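Visitor: Return atomic coordinates for the entry below.
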Amino acid sequence: MKAQLLKFLLTAATAAGFAMGGTTGALAQSVTTLKLAHGATADQAIGQALQKFGQLVEQKSGKAAKVEVHLAGSLYNERTSLEAIVNGAVDFGGGSNANWAAFTRTLMFMDLPYVINDEQAFKRMMHGQIGQEIRKRFEKDGFKLLMILDNGGFRDVVNTKRPIRTPADLKGLKFRTTASPVEIAMFRAWGAIPTAIDWAEVYNALSSGVVDGEFVMPTWLATAKHYEVLKHSTRNRAVIGVQTLAMRKDRFDKLPVNIQKAVLEAATEAEVYGNQLDEAMSEKARAYAASLGVQTYTPTDQEMQQWRSTGRSIWKDYEGKVDKDLLKMVLDSQSKG
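Guide: Residues are numbered from 1 along each chain as shown. Below is the predicted model of the structure:
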């Protein structure tokens, strides 16, 4: 399937060599220049963590390496930055778990609705044993996963048209989704009309009526100014995800040992830094939405049963695509408290 295409692309890019890892000056004073492209903006916790990462790599390598950080889709956006890693156009790239579906099935379990119980369980898993398992699986698929970044908590169902209390209220509304086939299927199950649109284009799509709503975290909605056009928000707590930073595994392995060490240490420190910022910014984002008049609704227990049963109805369609062992680990870890 996609694994064969990925293997072909990886082999082709290796044969072609890398143009971006340049050196300047005499051999004894060479500097390895590495390119990083991401869709996050500089005012987001993720963007700030990526900038911190670049600074730390230079510092920890004794200026033997320099990271050019390109944010807000200025070089490649969330989806295309992953393609750019594969074809060798950049060294570092990343996106949300949903955008990785075309390259590895490792994170597809996170797209399934109602897998994660709450934020506390999520953080324990992602920054504990399950996070390590995820990294191992990425390596098997040809990627060095450097950072697993908290991404604003649970996504909200937000729209410009009307209050949403149950899935039935979504019927006929056009909703922007990521390219994740799971997310697209979930919105179809809820009765909406899903349309995959790149993040950089969503504000205009909402303003012009191309779509009526989206399924995004408050922090991203606030920094992208989407709350200026949105009117209604529903906290149905269906999906919580991560943002990432990664390299091709073979590219990482070709770096000098001192630069590899600097990259790993910088990633660890920047991840902690970014996750602390993310937590602080989440509540501020909700307060900002309220100040603009966005009405937020929290479903009742009975309404949540409708969301869960309808959302989980798509699980059966992805039994052969989701990493079953990893999904079992996630579910078991929560049942044990």
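
Visitor: So for the longest helix anywhere in the chain, mean pLDDT?
Guide: Longest helix of the chain, by residue count under DSSP state H: helix 257-291. In this model, helix 257-291 carries a mean pLDDT of 95.

Visitor: Please apply the same query to stretch 61-69.
Guide: Here the average pLDDT along stretch 61-69 is 98.

Visitor: now stretch 33-41
Guide: Stretch 33-41 comes out at a mean pLDDT of 95.

Visitor: Check which residues of that stretch are buried.
Guide: Going by neighbour count (16 or more other CB atoms under 10 Å), the buried part of stretch 33-41 is 34-41. C-beta here means a position set from N, CA and C on the backbone, and glycine is covered the same way.

Visitor: Save these as CSV, and put in secondary structure and distance to Val90 too.
Guide: Putting those into CSV (DSSP: H, G, I helix; E, B strand; the rest coil; distance: CB to CB, whole Å) gives the following:
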residue, secondary structure, distance to Val90
Leu34, strand, 8
Lys35, strand, 4
Leu36, strand, 7
Ala37, strand, 5
His38, coil, 9
Gly39, coil, 13
Ala40, coil, 14
Thr41, coil, 18
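
Visitor: For Ser74, state which of the residues you listed is nearest.
Guide: Ala37 (7.9 Å; CB to CB).

Visitor: quick one: the closest one from Trp199, how far?
Guide: Ala37 sits 14 Å away from Trp199, going by CB to CB, to the nearest Å.

Visitor: next one: Arg188
Guide: In terms of CB to CB, Arg188 sits 21 Å off from Trp199.

Visitor: likewise Ala224?
Guide: Relative to Trp199, and taking CB to CB, Ala224 is found at 8 Å.

Visitor: Report the separation between the two terminal residues of stretch 107-118.
Guide: 18 Å (CA to CA, to the nearest Å).

Visitor: Which positions in that stretch come out as buried?
Guide: 107-116.

Visitor: Which strand or helix spans Phe215?
Guide: Assigned by DSSP states H and E, Phe215 belongs to strand 213-216.

Visitor: What's opposite the most centrally placed residue in the chain in the beta bridge?
Guide: Centroid check for the chain by CA atoms, centre = their mean gives Ser96 as the closest residue, at 1.3 Å. Taking DSSP bridges as the rule, Ser96 bridges to Gln243.
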